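Trainee: model this:
(2 chains)
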2 protein chains.
Amino acid sequence: MQYPEPIAKLIDSYSKLPGVGAKTASRLAFYTLTMDPEDVKNFADSLSTVKDSITFCEICGNITSKDENPCAICMDSSRDRSTVLVLQNPKDVMAMEQTQEYHGLYHVLNGVISPSAGTGPEDINLPALIRRLSKDDEIKEVIVGTNANTDGEATAMYIARLVKPANIKVTRLASGLAVGSDIDYADQLTLIKSIEGRNEL
Amino acid sequence: MQYPEPIAKLIDSYSKLPGVGAKTASRLAFYTLTMDPEDVKNFADSLSTVKDSITFCEICGNITSKDENPCAICMDSSRDRSTVLVLQNPKDVMAMEQTQEYHGLYHVLNGVISPSAGTGPEDINLPALIRRLSKDDEIKEVIVGTNANTDGEATAMYIARLVKPANIKVTRLASGLAVGSDIDYADQLTLIKSIEGRNEL
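Mentor: This next block holds a predicted model:
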């Protein structure tokens, strides 16, 4: 026996999502049957339109609506145009914006250099950063905010090597203890970073 | 800063699914952007049509396509029409069918009697079972296959009390050790059930 076709198809679609196996997919499909019809309709509409209405900002590479390109941040004249924070993906931009402490511009790589995954500098939004820096004289500092792991560090070093000759300051987000964390739970590499980067009180 | 509207809406839709929080919802939404367009289209189509094309079988209460009611199992003349296995939901039917060992009919309650959740006998597909048994003289045995927990047991007792006076045999799926399990990992109630239901070799 098979599930009726409409539900079998929906289970199949759910199971294409990352982290969703066969059991979860059928649980989600049956839950969908019990959902508010309006919510299901909105869900279907969002799926139908999202790919066609989202694009990447022609300046910074962040996601933006097709009818707002360059994106809102790139077009915001109140922001500090001398600093560019380089991040791996749009979710990182969101995290930074939520702090309300950074007021410069962004550049989103939409990936990271990873020899093990076969991702080179040309496969991410890095050539656009170099072009951007060569054209835009206002930019005085590039802050590299790639993740604090091997690939992120390697990408940071690569960017530093490319950008420094253009007489632009290159900095890296600080590594160290997460605020609120216990020292005896921190891993050794984080502790070493926190000693190396210690600040005077 | 907010995500662009199309993606914010999709995140909102994903977060309405059970077990999907804000972080997972945005991960799924960004993953959707990278999916094959054909897959996303099929996903949206399935969502749009599933609610309108699925209904409950007028005899057994299992899910079925709108254009196949009564369902395939109820209409299958090769099945043993003297036995009805009462299950909590359509997924249980699928699990039973996959064993290929049960050839009788089903009755799906689409729920369970649960005083703590305020679900009474009238809130599940139980009145239909009683009507079905009173009309259909072929049925000689009702096997109660509700889950082996408090609500499932209570529902089984309730069904037994209702059905027995009609001179129909009422049985319950066996409780005991799961095949392949270790005795020292089994819980006490399961061990008690396995002693009570011991079989002669």
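Trainee: so, in contact with chain B or not, the helix ranked longest in chain A?
Mentor: Selection of the longest helix in chain A by residue count, based on DSSP state H, yields helix A:37-53. Yes: between helix A:37-53 and chain B, judged by C-beta under 8 Å from any C-beta of the partner chain, the touching residues are A:37, A:39-51, A:53. (Each C-beta comes from the backbone N, C-alpha and C, glycine too.)
Trainee: Return the item of the residues you listed having minimum pLDDT.
Mentor: Of all the residues of helix A:37-53 next to chain B, A:Lys51 has the smallest pLDDT value, namely 87.
Trainee: and which of the residues of helix A:37-53 next to chain B is nearest B:Lys135?
Mentor: A:Pro37 (33.0 Å; C-beta to C-beta).
Trainee: who's in contact with stretch A:117-131?
Mentor: A:56, A:61, A:84, A:86, A:107-113, A:142, A:151, A:158-159, A:162-163 (C-beta atoms under 8 Å, 6 or more residues apart in numbering or on different chains).
Trainee: out of those residues, which are buried?
Mentor: Buried by 16 or more other C-beta atoms under 10 Å in any protein chain shown: A:56, A:61, A:84, A:86, A:107-113, A:142, A:151, A:158-159, A:162-163, out of the contacts of stretch A:117-131.
Trainee: What is the helix or strand following the longest helix of chain A packed up against?
Mentor: Next helix or strand after helix A:37-53 toward the C-terminus (DSSP states H and E): strand A:54-56. Strand A:54-56 is packed against strand A:63-65, with contacts defined by 3 or more C-beta pairs under 8 Å, 6 or more residues apart in numbering or on different chains; DSSP states H and E.
Trainee: And the closest residue to A:Lys41 other than its chain neighbours, how far from A:Phe43?
Mentor: Leaving aside its chain neighbours, A:Lys41 sits nearest to B:Ser48 (7.1 Å; criterion: C-beta to C-beta, 6 or more residues apart in numbering or on different chains). Taking C-beta to C-beta, to the nearest Å as the measure, B:Ser48 and A:Phe43 are separated by 9 Å.
Trainee: Give me the more crowded residue out of these two.
Mentor: Taking other C-beta atoms under 10 Å in any protein chain shown, B:Ser48 and A:Phe43 do not tie; A:Phe43 has more neighbours (23 against 17).
Trainee: Just confirm that one contacts B:Leu47, I think it does.
Mentor: Yes: A:Phe43 lies in contact with B:Leu47 (C-beta atoms under 8 Å); the separation is 5.5 Å.
Trainee: wait, what's in contact with the residue most central in space within chain A?
Mentor: When chain A is reduced to its mean C-alpha position, the closest residue under C-alpha atoms, centre = their mean turns out to be A:Asn89, at 1.5 Å. When contacts are counted by C-beta under 8 Å, 6+ apart, A:Asn89 touches A:Val108, A:Leu109, A:Asn110, A:Gly111, B:Phe30.
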